[in-house]
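A.B. asks: Okay, here's the prediction I keep looking at, along with the sequence it came from:
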Amino acid sequence: MASEHSSITSFRAEHARRGGAGDVVILPDSVHTAALAAQALGCEVGAIANSLLFDAGGAPVLILTSGAHRVDTHKVAPAIGAPPLKRASADFVRAHTGQVIGGVSPIAHPAAVPTWIDSWLRRYDVVWAAAGHPAAVFSTTFTELVSMTGATEIDVE
């Protein structure tokens, strides 16, 4: 059996430290879209919490959004008191999360990242989010995700 990727191991440790109760699931292949993740997990695409890191004038901003939504950066930036939000480069994402695009988890970053969460995710009893690697996800609840991340609820569209 192959050993687990170090980013998943780091995620598991931080998830446990923060009292996460959900399961970590390693999918057979990377699921690069919310639709693919939902299909693999047998859930609605809206129950997938995408961890999107934005560059706000050189500072990281993490938005946990439902897979059913796209973040309206022109609306969200002023709502959170941030400069314009730009798509973060792969290097920026890795520097601030220690993870790669497609596998960014809501937790287990080298330093705290200001985080907001899409209120739409509240609709689901179980929410799935990346667990530090493109093929790893974990189950959680809206309430637990807010508790673990300190996220502030926001309307992203």
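C.D. replies: Cool, got the structure. Predicted model only: the values in this text are computed from it and were never measured. Numbering: from 1, shown residues only.
A.B. asks: Would you mark the buried spots in stretch 8-26?
C.D. replies: Neighbour-count burial for stretch 8-26, counted by 16 or more other Cβ atoms under 10 Å, picks out Ile8, Ser10, Phe11, Arg12, Glu14, His15, Gly20, Gly22, Val24. In short, each C-beta sits where N, CA and C put it, glycine included.
A.B. asks: any idea of the mean pLDDT for the helix or strand Ile8 falls within?
C.D. replies: In the assignment (DSSP states H and E), Ile8 maps to helix 6-17. What helix 6-17 shows for mean pLDDT is 94.
A.B. asks: just checking, what packs against that helix?
C.D. replies: strand 24-26, strand 136-140 (3 or more Cβ pairs under 8 Å, 6 or more residues apart in numbering; DSSP states H and E).
A.B. asks: Indicate which one of those strands is closest to Val113.
C.D. replies: Comparison of the helices and strands packed on helix 6-17 against Val113 by Cβ to Cβ identifies strand 136-140 as nearest, at 17.3 Å.
A.B. asks: For the residue sitting nearest the centre point of the chain, which non-adjacent residue is closest in space?
C.D. replies: In the chain, the residue lying closest to the centroid (Cα atoms, centre = their mean) is Ser51, at 2.5 Å. Distances taken as Cβ to Cβ, 6 or more residues apart in numbering put Val104 closest to Ser51, at 4.2 Å, once the chain neighbours are dropped.
A.B. asks: That neighbour reaches Ala49, doesn't it?
C.D. replies: No. Assessed by Cβ atoms under 8 Å, Val104 is found out of contact with Ala49, at 10.7 Å.
A.B. asks: returning to that earlier point: identify the farthest-apart pair in the buried residues of stretch 8-26.
C.D. replies: Ser10 and Gly22 (16.5 Å).
A.B. asks: where does Ala35 land on pLDDT?
C.D. replies: So Ala35 comes in at 87 (pLDDT).
A.B. asks: so how far is Gly19 from the closest residue to it other than its chain neighbours?
C.D. replies: Spatial nearest neighbour of Ala35, excluding adjacent residues (Cβ to Cβ, 6+ apart): Val45 at 5.3 Å. According to Cβ to Cβ, to the nearest Å, Val45 and Gly19 sit 27 Å apart.
A.B. asks: tell me the contacts of the residue nearest to the centre of the chain?
C.D. replies: Ser51 makes contact with Leu62, Ile63, Leu64, Val104, Ser105, Pro106, Ala129, Ala130, according to Cβ atoms under 8 Å, 6 or more residues apart in numbering.
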